[in-house]
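In: how does the following fold in three dimensions:
(chains A and B)
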There are 2 protein chains.
Amino acid sequence: MVSKSQTKLITSLQQKKYRTQSGLFVAEGPKVISELLDGGFKFHSFFSTDTSEITAVNHFLVTETELKKISFLKTANTSLALFEIPKTKPLKDLGLILALDAVRDPGNLGTIIRLCDWFGVQQLICSQDTADCFNPKVVQATMGSLARVQVHYLSLSEYFEKTTLPIYGGFMEGENIYSAKLPKEGIMVMGNEANGISEEIIKTITHKITIPRFGKIQKTESLNVATATAILLSEFRRSTEM
Amino acid sequence: MVSKSQTKLITSLQQKKYRTQSGLFVAEGPKVISELLDGGFKFHSFFSTDTSEITAVNHFLVTETELKKISFLKTANTSLALFEIPKTKPLKDLGLILALDAVRDPGNLGTIIRLCDWFGVQQLICSQDTADCFNPKVVQATMGSLARVQVHYLSLSEYFEKTTLPIYGGFMEGENIYSAKLPKEGIMVMGNEANGISEEIIKTITHKITIPRFGKIQKTESLNVATATAILLSEFRRSTEM
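Out: Numbering: from 1, shown residues only, chains lettered A, B, ... in the order given. Coordinates of the predicted model:
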């Protein structure tokens, strides 16, 4: 059974305002849910169509129809959970850090969190106007990687003023990523889907880098921010760890 | 003005069956349309809200409301065109060729066509059950790159039996892409989003390669097919062209 107040709460969590107010977010499907649990995220409540999974007081057995009603997915899974939004740990000036300057698309953010997890980037910093990592679309797109990547929302310019790490930025013009000497520790900044890195942040970049085009006709406007991030993180790891 | 029969035709082109029947596909927005024209694609008809663009008999001035009605986009652009689906040129056993085995998501296919354009991969071959490159979602996601990449639909296994090129496949286990000796000419195969490369095709692969994980906790299930393609094409070009 899903009560009226539970339905109201869950539905409200599509909006950031209500996620902040309640301190909760939604995750769906056994895979994502179990990886978040493994990562130390705490259950608020859990809804499943499978009797064998109902083992605690905050677990609720629901019918497929009920689950469909509370699900944010086109095709509802077999379970849905509300998790507590964890307190963010302090950011450390350590290792390779990825920074996003106003990346707005939840799908792109989800893919980028998955890439961080793959390439062992444990700290992701996001400008306040980047998509929210607890947005249901982001949570599903991360496929559970959110459990292993710490996401920090802060003023990039304030942090960049204080840090001693070198700050690399992805640009259309810059040093060729394949020949640039890349460090093991540093910050890699990726910009907004349409406008790239903002003027304010450009000033703080210490190294402008670019992915060269290989097409004969140099018309491809730009790479999608998630595919560009994939190539840049791959190069950072290849050139410093292999 | 958009006539009833034009509306009916345009709406039908969301479906592959009607694209094949009519030999037409839809592209929207000045950028995508002009790049397709530059690439040699032929106008069937053109609809725009801008009087200055109406310069031929197959150009039609439309109101915003009319455009909204025929557009496939959430937010209609200022123009929409019907193009003729071109005859595919003969496939040549030449250069770096990307092959897709049942990549189903139109967004992934669009991103991959854009990546081919960026990395100068001029021939993309797709199994018959890969998404259709003239699907409106694919056309828009390519951002015009479709004008510069030839897409061939064929039986991968038949082609792989005949070709003399080495056949590389992206797998979860295989030779480390960063240390593998990659050729300038060859075929790189990427598999389906959920199931990877099919059994039939695995038999024909001559080199299994993989992108190593760098995360300490080796849980990330896999990379998205488009981000994995980005990394692999980047490595092919870096190691043979730089």
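In: every contact and neighbour count from this point should use C-alpha atoms.
Out: Will do.
In: could you list the domains of chain A?
Out: Described in terms of automatic domain parsing, the domain architecture of chain A consists of the residue ranges A:4-84, A:96-241.
In: surely residue A:237 meets residue A:121?
Out: No. Judged on CA atoms under 8 Å, residue A:237 makes no contact with residue A:121 at a distance of 9.8 Å.
In: end to end, how far does stretch A:180-193 reach?
Out: Using CA to CA, to the nearest Å, the gap from the first to the last residue of stretch A:180-193 comes to 24 Å.
In: next one: stretch A:175-182
Out: Here the two ends of stretch A:175-182 are set 11 Å apart, with distance taken as CA to CA.
In: out of the domains of chain A, deepest packed?
Out: Burial among these, expressed as mean neighbours by mean count of other CA atoms under 10 Å in any protein chain shown, is greatest for domain A:96-241, which shows a mean of 20.
In: give the rounded mean pLDDT of that domain.
Out: Taken as a whole, domain A:96-241 has an average pLDDT of 94.
In: re the thing from before, now for the domains of chain A, which one comes closest to residue B:80?
Out: Taking CA to CA as the criterion, residue B:80 comes closest to domain A:96-241 out of those, the separation being 20.3 Å.
In: chain A: strands as residue ranges?
Out: Counting by DSSP state E, one finds strands in chain A at the ranges A:24-28, A:43-48, A:59-61, A:79-84, A:96-100, A:123-126, A:150-153, A:167-176, A:186-190, A:207-210.
In: and the longest one, how far out from the chain's middle?
Out: Put plainly, it is strand A:167-176. Taking the mean of its C-alpha atoms, strand A:167-176 sits 22 Å from the chain's own mean (CA atoms, centre = their mean, to the nearest Å).
In: now the residue in chain A sticking out farthest from the centre: closest residue in space that isn't a chain neighbour?
Out: For chain A, the largest distance from the centre (CA atoms, centre = their mean) belongs to residue A:216, which lies 34.4 Å off. Nearest residue to residue A:216 in three dimensions, chain neighbours excluded: residue B:120, at 6.5 Å (CA to CA, 6 or more residues apart in numbering or on different chains).
In: so what's the one you found up against?
Out: Contact criterion CA atoms under 8 Å, 6 or more residues apart in numbering or on different chains gives A:213, A:214, A:215, A:216 as the residues in contact with residue B:120.
In: show me what contacts the second one?
Out: By CA under 8 Å, 6+ apart, the residues touching residue A:214 are B:118, B:119, B:120, B:237.
In: residue A:42 touches residue A:84, doesn't it?
Out: Yes. If you go by CA under 8 Å, residue A:42 and residue A:84 touch, sitting 5.6 Å apart.
In: so which of the contacts of residue B:120 comes closest to chain B?
Out: The shortest distance between chain B and any of these, using CA to the nearest CA, involves residue A:215 and amounts to 3.5 Å.
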